[in-house]
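[1] Sequence plus the predicted model coming up.
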Amino acid sequence: MRGTPSHLCTIVAAVSLAFAAPVAAQDSGGASDVEIREWEVPYPNSRPRDPYVGPDDRVWFVGQRTSYVAAFDPETEEFTYYALEEGTGPHNLIVDDDGTIWYAGNRARHIGKLDAATGEIEKIMMPDEAARDPHTLVFSGDDHIWFTVQGANKVGRLTRSTGDVTLLDVPTGRARPYGIVVDPEGRPWIAQLGTNRLGTVDPETMEYEEVVLPREGARPRRLQRTSDGAIWYGDYAEGYLGRYDPATGDVDEWRTPGAAQSGPYAMAVDDQDRIWFVETRQDPNRFVGFDPETEEFFFSRAIDSGAIRHMFYHEPTRSIWFGTDANTLGRLSVP
């Protein structure tokens, strides 16, 4: 394993901005069929989070506070527990096609590789001690996993077959790289929570670029990508849903129903390219659905379960899975 120095950076300015007035979101247009169900996680006060549906249809997630990986079978409603070392503080996981679980050891400077059949764990340590907090992982469609390192202000790429790790410095100081998605060409897109910028890396040259969003106060936290190539973000600070078009550089934004008291956090996109997110500054939290085709917020429903930090859309069952700070695992069935 070895790191590389930071690469040259290009600042890319977004060129246009369109605003839409906030729309009062409500159950409509079939959204009344949405079902939200939650299960109490049997590991108390553990902050279950960042679920991911594996090839066996089990829902895998981490317990950030009490350091475990767990699986939930929706058919039997049974949980399976895998203990991690105390102090690991897992933040996120993803599941390979062969069932291998990869998790971010957020408080222990490593990415873990868990064999669910044996319980064996391989730790891949960060090659730079400064990269102390691997944050969010995402597959790139080839042999790589891209990930953010929020506190260290870095973005990394792990080669699964070799365990090699490459780390890149984010050019803007205290940018807090957070949410991340990868497009079909293997290019990662990064939400920089500490700035009004998105980041991206050319996977061939490893050049890091930044996209400056038009509003200085914007603070993107999570990202999603729709089938037209657009990158969607939730502005956690000022309450907007935004769309960046990499082909044109255009930015469009819509004021969320909760406006400045919205705090959009977890996001998902369904098979109809509709955007789902959670307003976490609302009390209680509120699920919101947005249709890019009509530019309308078509769904809103309160959920009294504490913050929802990340979500996963499972297309075969048309379900959005989430974990909550109230120690539950939840499922929203998409209409």
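    Ah, there it is. Numbers count the residues shown, from 1 in each chain.
[2] Which helix or strand contains the nearest residue to residue 56 once chain neighbours are set aside?
    Excluding its sequence neighbours, the residue lying closest to residue 56 (C-beta to C-beta, 6 or more residues apart in numbering) is residue 99, at 6.4 Å. Bear in mind the C-beta positions are built from the backbone N, C-alpha and C, glycine included. Assigned by DSSP states H and E, residue 99 falls within no helix or strand.
[3] neighbours around residue 99, how many?
    Each residue near residue 99 was counted by other C-beta atoms under 10 Å, and the total is 15.
[4] Phi, psi for it please.
    Torsion angles at residue 99 (phi, psi; degrees, to the nearest 10) stand at phi 90, psi 0.
[5] which ones are touching it?
    When contacts are counted by C-beta atoms under 8 Å, 6 or more residues apart in numbering, residue 99 touches 54-56, 116-117.
[6] same thing with residue 49?
    61-64, 91-92, 309-310, 323.
[7] what two of the residues you listed have the greatest distance between them?
    Maximum pairwise distance among the contacts of residue 49 (C-beta to C-beta): 13.8 Å, between 63 and 310.
[8] Comparing the two, which residue is more hemmed in?
    Comparing residue 63 with residue 310 by neighbour count (other C-beta under 10 Å), the higher total belongs to residue 63, at 26 against 22.
[9] you'd agree that one is up against residue 43?
    Yes. The pair formed by residue 63 and residue 43 meets the contact definition of C-beta atoms under 8 Å, at 5.6 Å.
[10] so how far is residue 82 from the residue lying farthest from the centre of the chain?
    Here the chain reaches farthest from its C-alpha mean at residue 118, the gap being 28.0 Å by C-alpha atoms, centre = their mean. Relative to residue 82, residue 118 is positioned 10 Å away (C-beta to C-beta, to the nearest Å).
[11] Now do the residue nearest to residue 56, the pLDDT please.
    Confidence at residue 99, expressed as pLDDT, is 97.
[12] The one 10 residues further on now?
    pLDDT, residue 109: 98.
[13] can you check residue 322 too?
    According to the prediction, residue 322 has pLDDT 98.
[14] In contact with it, which residues?
    51, 266, 278, 308, 310-312, 329-332.
[15] Would you map the strands across the stretch 151-300 of the chain?
    Assigned by DSSP state E, counting those that start in this stretch, the strands in the stretch 151-300 of the chain fall at 154-159, 165-169, 177-182, 188-192, 197-201, 208-212, 220-225, 231-235, 240-244, 250-255, 264-269, 275-279, 285-291, 296-303.
[16] With residue 248 as the reference, measure out to the closest residue to residue 141 other than its chain neighbours.
    Closest residue to residue 141 apart from its sequence neighbours, by C-beta to C-beta, 6+ apart: residue 186 at 6.0 Å. As judged by C-beta to C-beta, residue 186 and residue 248 stand 21 Å apart.
[17] quick one: which of the two has more around it?
    Neighbours per residue, other C-beta under 10 Å: of residue 186 and residue 248, the larger number sits with residue 186, 17 against 11.
[18] quick one: common contacting residues for residue 63 and residue 43?
    residue 70.
[19] Name the residues that touch the helix or strand residue 122 falls within?
    According to DSSP H and E, residue 122 maps onto strand 121-125. Contact with strand 121-125 is made by 1, 84, 105, 109-115, 158, 163, 165, as judged by C-beta under 8 Å, 6+ apart.
[20] out of these, which are buried?
    Buried by 16 or more other C-beta atoms under 10 Å: 84, 105, 109-114, 158, 165, out of the contacts of strand 121-125.
[21] of all the residues you listed, which two lie farthest apart?
    Greatest spacing in the buried ones among the contacts of strand 121-125, by C-beta to C-beta: 84 and 165 (19.4 Å).
[22] Run through this structure and note the low-pLDDT ranges.
    Applying pLDDT under 70 to the chain picks out residues 1-31.
[23] Recalculate using a threshold of 80.
    Scanning the chain for pLDDT under 80 picks out 1-32.
[24] circling back to that earlier point, ok, and the most crowded of the contacts of residue 322?
    For those, the largest number of neighbours (other C-beta under 10 Å) sits with residue 278, at 29 neighbours.
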